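# What follows is a predicted protein model with its sequence.
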Amino acid sequence: MSTPFYVSPQQAMADRAEYARKGIARGRSLAVLQYADGIVFVGENPSRALHKFSEIYDRIGFAAAGKYNEYENLRIGGVRYADLRGYTYDRNDVTARGLANVYAQTLGTIFSSGAEKPYEVELVVAEVGETPDGDQIYRLPHDGSIVDEHGSVAVGGNAEQIGSYLDQRHQDGMSLAEALKLAVQALSRDTNGTEREIPAERLEVAVLDRTRPQQRKFKRIVGRQLSRLLEVDGASTEAESAEEAEGSEEE
């Protein structure tokens, strides 16, 4: 009689975690930073159809790195959860913390299940508050744990190196232009420390802007507004971006 094949639970979980991490590392990194008037999402994305950043609800944004089909399923589920909760109770009852808990339960269940492979995704759920102190940023790795982040966070690809670069240089009260340029500088650094140029047309940028008069605070930054934010110094950029805010693309 042959000896049954046995793998310890600890080794099985370690193998699943390594599988998920390798899948996430193959994707491009993205960064999420707080700035004076909200939260900015920045990532390298040559596609204009497959978004890494999306609106979930009025003040809540979603960012993801990894396999598109897997995090798109999670995004759709988050939108349905938010819509149902907001309709059943009150719009103010839809929070990033509640959404992060839902995602954590889903990712944790899939990760610990032996019947299917773990999701190769890493998520960021962010909510903009009335003031910078009210901003919330949660990072959710593949295993369903929740990490409460402050200031800046990076996921996907070489996230550890990018996150370290951001932690050393990010400051409270940065303008949108300053935060955007810092994120691009971090994303443009290769693993060996050399820098490469990322053109504006290869960037996907979105913000949760607390100063918007609309109930929905999510806004994509594209075209001329993005180019000006990358090229013009912060003082003049803020006035120009405010003029173009109404004409920018929304989701």
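Cool, the structure landed. Remember, predicted model here, so these are calculated numbers, not experimental data.
# is it true that residue 206 touches residue 222?
No. Residue 206 lies out of contact with residue 222 (C-beta atoms under 8 Å); the separation is 9.3 Å. In this view, the C-beta of every residue, glycine as well, is placed from N, C-alpha and C.
# Compare those two (neighbour count), which wins?
residue 206 (28 against 17; other C-beta atoms under 10 Å).
# quick one: what helix or strand has the more buried one in it?
strand 203-209 (DSSP states H and E).
# So which elements touch that strand?
Judged by 3 or more C-beta pairs under 8 Å, 6 or more residues apart in numbering; DSSP states H and E, strand 203-209 is in contact with strand 38-44, strand 60-66, helix 176-187, strand 218-221.
# let's go with 10 Å and repeat that
If you count contacts as 3 or more C-beta pairs under 10 Å, 6 or more residues apart in numbering; DSSP states H and E, strand 203-209 packs onto strand 30-35, strand 38-44, strand 53-57, strand 60-66, helix 176-187, strand 218-221, helix 223-231, helix 234-244.
# any idea how far it is from the chain center?
Averaging C-alpha positions (C-alpha atoms, centre = their mean, to the nearest Å) puts strand 203-209 10 Å from its chain's average.
# Give me the sheet partners of it and which way each runs.
On the basis of DSSP bridges, the sheet neighbours of strand 203-209 come out as strand 38-44 (antiparallel), strand 218-221 (antiparallel).
# So for residue 133, which of the ones you listed sits nearest?
With C-beta to C-beta as the criterion, residue 133 lies closest to strand 38-44 of those, at 12.9 Å.
# which of the residues in that closest one are buried?
Going by neighbour count (16 or more other C-beta atoms under 10 Å), the buried part of strand 38-44 is 38-44.
# Go through the helices and strands packed on strand 203-209 and name the closest to residue 13.
Counting by C-beta to C-beta, residue 13 lies closest to strand 60-66 out of the helices and strands packed on strand 203-209; the figure is 18.7 Å.
# Whichever helix or strand comes after the closest one packs against which elements?
The element immediately downstream of strand 60-66 (helix or strand, assigned by DSSP H and E) is helix 68-88. For helix 68-88, the elements it packs on are strand 53-57, strand 60-66, helix 96-112, strand 121-127, judged by 3+ C-beta pairs under 10 Å, 6+ apart.
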